[in-house]
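In: Build me a structure from this.
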Amino acid sequence: MGESKGTKETMGESKGTKETMGESKTNLFINYFKHYLQIVRMEQVTDFNQEVNEQIIDFNQVADKQEADDREADDREVTSRQNKLNILEFVLGINRDMKNLGIKSLNLISDQEAVIDSNEFRNFKILLNKKEEIQSLQTASIAPGSSSISSLTARNARPILYAQAIEMAKNLYELLLHIDNLPTTPPTMNPININVKLYIQKLLEKLSTLTKEEFKAEIENQTDKDFLIIYNLRKEEEEEEEEVIDFQSELNFPEIISEKDLLKCDDFDTIKENTIKMLITHLIKVYDRLLDEHIETEIRRRRLFRGYVNFLVLHRKIEIYCNLYKVRVKGETIKNQANKKIIEYNSGSRKFNNTRDISTIIKTGKRIKSLVGLANREWGIIDAFPNLEINFFKSTLSTARYEIWLKLVKTGHIITEEEGQAIYNHKKNLEQQKRKENFLRIHETVKMEDCDTDSPKYFPDSENDE
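Out: As a prediction, the model looks like this:
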């Protein structure tokens with residue numbers, strides 16, 4: 001019985017041990033399973049997080065792209081609006097300029113040429129030469145009721161008349177309309193008060209509103225400080241011995257007290273005030289001298305124009321004497337005979353080196369004379385504008401183009417180069433005929449018995465001579 005009881009206890013312990021081992025295995029399995037689930041969950045979380053991160057990245061990329069697209073669209077819209085404004089401003093500006101210039105229509109045929117219909121210059125074509133960066137202005141005549149334009153071929157892509165020449169011609173045209181109101185000795189501009197462009201504008205306004213007497217009185221009374229009186233042109237001064245010119249003499253004031261000595265004076269205030277008055281007196285003298293220099297420069301400019309015409313008149317006189325009682329050899333022009341004599345008898349420090357110099361002066365004189373002729377030989381057309389320079393008349397502008405310029409001065413309208421050449425040829429023929437008649441008249445006045453044998457035979461000058 002005792003053994004049996006011990007055996008039962010042993011069996012109980014064994015059973016307990018088995019139960020404990022079973023629980024241990026179960027717990028181990030449970031723990032393992034929990035750990036496995038944790039790992040699985042972690043991997044799932046990791047995968048989920050990775051997927052979420054990838055989606056976030058994709059979303060950010062899409063958002064960034066959308067934002068960039070939106071910005072680009074906004075920029076395009078802003079640029080488009082700005083372009084529309086620029087185009088509107090361009091159109092308004094073009095329209096305003098066209099009205100101011102009297103342009104009725106502008107047709108850009110290509111990047112090489114454009115056609116303009118102008119109230120002032122009729123219809124003309126502009127050839128655009130980008131390589132030379134110049135515009136070739138070509139006038140084209142249009143028959144009444146016709147819309148076709150016949151243009152001229154530009155020579156060396158040069159404009160017929162440059163902008164400065166056209167502007168001067170237009171101003172001279174306005175001057176001719178009111179030249180009777182211009183004083184016999186026109187004033188000049190005060191360069192300290194006004195620039196030449198505003199001066200011309202103001203002068204033309206005066207001429208269109210004031211009579212000659214009113215304008216003259218206003219100038220003499222110095223009512224308007226923008227105008228300076230030009231006294232009668234001085235006669236040529238006799239030659240004087242050369243003297244050294246001291247340009248600093250106006251700054252030498254021996255009677256002026258020095259700053260240091262002034263501070264030492266007891267009567268400081270009185271001496272200071274007198275010194276200031278004296279310096280201002282010198283300042284006014286310098287100012288007057290400035291204006292005098294400008295007036296003298298203007299007088300020299302006006303005298304220079306008259307000098308070229310005087311040279312032409314004397315040259316014509318020499319031509320007559322060179323051809324009195326002489327049978328001229330064919331091929332030898334009247335001008336050549338006169339020029340040869342001038343070279344032969346030329347003396348002095350300023351000799352003519354060749355006949356080309358003489359021809360240039362003659363050409364210049366003839367051009368000046370033709371302009372003065374438009375104003376009924378009134379020199380006011382030369383004297384009125386201080387920026388009308390002699391170099392324009394000495395320029396290489398062709399004879400035909402100079403006639404175009406003269407026509408613009410006379411009528412306010414530009415003509416074709418072909419028409420300009422025709423006008424020049426007509427004038428040249430008239431001049432030759434007049435010279436021939438003059439020679440014959442001289443011989444007739446001395447009552448020569450046989451004009452056919454004793455009067456000089458006449459051969460026209462070369463076509464190249466102006």
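
In: For stretch 291-307, buried residues please.
Out: Within stretch 291-307, the residues scored as buried using 16 or more other Cβ atoms under 10 Å are 294-295, 298-299, 301-302, 305-307. No exception for glycine: its C-beta is placed from N, CA and C like everyone else's.

In: which stretches of the stretch 201-350 of the chain aren't confidently modelled?
Out: Along the stretch 201-350 of the chain, segments meeting pLDDT under 70 span 232-254, 325-335, 348-349.

In: What ranges does it have for its strands?
Out: With DSSP state E, counting those that start in this stretch, the ranges of strands along the stretch 201-350 of the chain come out as 227-228.

In: what sits up against the strand or helix carrying residue 200?
Out: Taking DSSP states H and E as the definition, residue 200 sits inside helix 196-209. Contact with helix 196-209 is made by 171, 174-175, 177-179, 181-182, 189, 194, 215, 218, 226-227, 384-387, as judged by Cβ atoms under 8 Å, 6 or more residues apart in numbering.

In: Restricted to strands, list those.
Out: 189, 227 (DSSP state E).

In: burial count for residue 283?
Out: Residue 283: 11 surrounding residues under other Cβ atoms under 10 Å.

In: what does residue 93 give?
Out: Residues contacting residue 93 under the criterion other Cβ under 10 Å number 10.

In: and it, what helix or strand is that in?
Out: Element membership for residue 93 (DSSP H and E) is helix 2-101.

In: picking that back up, show only the entries of the buried residues of stretch 291-307 found in helices.
Out: Residues of those located in helices (DSSP state H): 294-295, 298-299, 301-302, 305-307.

In: how about JSON lines for these, with distance to residue 114 added?
Out: Below are these laid out as JSON lines (distance: Cβ to Cβ, whole Å):
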{"residue": "294", "distance to residue 114": "42"}
{"residue": "295", "distance to residue 114": "45"}
{"residue": "298", "distance to residue 114": "40"}
{"residue": "299", "distance to residue 114": "45"}
{"residue": "301", "distance to residue 114": "38"}
{"residue": "302", "distance to residue 114": "40"}
{"residue": "305", "distance to residue 114": "37"}
{"residue": "306", "distance to residue 114": "42"}
{"residue": "307", "distance to residue 114": "43"}
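
In: on that earlier part again, and for the helix or strand just after the helix holding residue 93, what's in contact with it?
Out: Going down the chain from helix 2-101, the next helix or strand is strand 103-108, by DSSP H and E. Under the contact criterion Cβ under 8 Å, 6+ apart, strand 103-108 has outside partners 94, 97-98, 114-119.

In: got the buried residues for the helix or strand following strand 103-108?
Out: Going down the chain from strand 103-108, the next helix or strand is strand 113-118, by DSSP H and E. Neighbour counts using 16+ other Cβ under 10 Å place 113-118 of strand 113-118 among the buried residues.

In: Max pairwise distance over those residues: which two?
Out: Spatial extent of the buried residues of strand 113-118 (Cβ to Cβ) is set by the pair 113 and 118 at 15.8 Å.
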